[in-house]
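Colleague: have a look at this prediction, sequence included:
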Amino acid sequence: MKFKKTINTLLVATSLLSVQAFANNSIFPEGHISKIDTWVYGSDEYGVWVTLAAGATDTGDCGNTYYLPHTSDNKQLVYSALLSAQVSQTRVRLQSTTDSAAKNKLGMCRASRVTLCHDTSCN
């Protein structure tokens with residue numbers, strides 16, 4: 001019983017450290033979508049890419065193109081939101097990280113959250 005409690009404590013501590021590390025490297029690029037690329041047979045390298053228009057803010061060292069994780073549960077929903085934002089010229093804010101472990105083999109940063117904005121800013 002004590003062993004199980006110790007394992008659970010270690011798992012919780014590791015999770016908290018991981019969340020904290022992610023939070024420290026988080027970026028929130030914001031702007032209009034200029035392009036969405038999709039591949040029929042996808043992967044993290046070639047699946048769904050979203051490119052923000054020139055002038056996007058807070059891109060860190062990620063540039064303007066981000067990828068959606070190929071195995072994400074909400075990928076279809078997120079893709080639909082991105083597509084509607086592009087068609088309606090709605091600003092978006094992505095959440096990403098500059099952590100190299102979250103980049104794909106091509107060096108693109110992973111989008112882990114998408115916010116559709118109401119006005120000229122997402123605040």
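Modeller: Alright, I've got the coordinates.

Colleague: and the end-to-end length of stretch 28-41?
Modeller: From its first residue to its last, stretch 28-41 covers 28 Å (CA to CA, to the nearest Å).

Colleague: looking at it now, give me its mean pLDDT.
Modeller: When pLDDT is averaged along stretch 28-41, the result is 94.

Colleague: ok, and for it, which residues are buried?
Modeller: For stretch 28-41, a neighbour-count test (16 or more other CB atoms under 10 Å) marks 29-33 as buried. Bear in mind the C-beta positions are built from the backbone N, C-alpha and C, glycine included.

Colleague: which residue packs closest to the residue most central in space within the chain, ignoring adjacent ones?
Modeller: Residue closest to the mean C-alpha point of the chain, counted by CA atoms, centre = their mean, is Ala111 at 1.3 Å. Once flanking residues are discounted, Ala111 sits nearest to Tyr66: 4.2 Å by CB to CB, 6 or more residues apart in numbering.

Colleague: quick revisit: the residue nearest to the centre of the chain contacts Asn64, correct?
Modeller: No: at 11.8 Å, Ala111 does not count as touching Asn64 under the criterion of CB atoms under 8 Å.

Colleague: any low-confidence regions in the chain?
Modeller: Filtered on pLDDT under 70, the chain yields the residue ranges 1-24.

Colleague: make it 80
Modeller: For the chain, the stretches with pLDDT under 80 are 1-24, 44, 119-121, 123.

Colleague: can you give me the strands in it?
Modeller: 26-27, 30-31, 33-38, 48-52, 65-67, 92-97, 109-110, 113-116 (DSSP state E).

Colleague: give me the distance from the first one to the chain's centre.
Modeller: This points to strand 26-27. 9 Å (CA atoms, centre = their mean, to the nearest Å).
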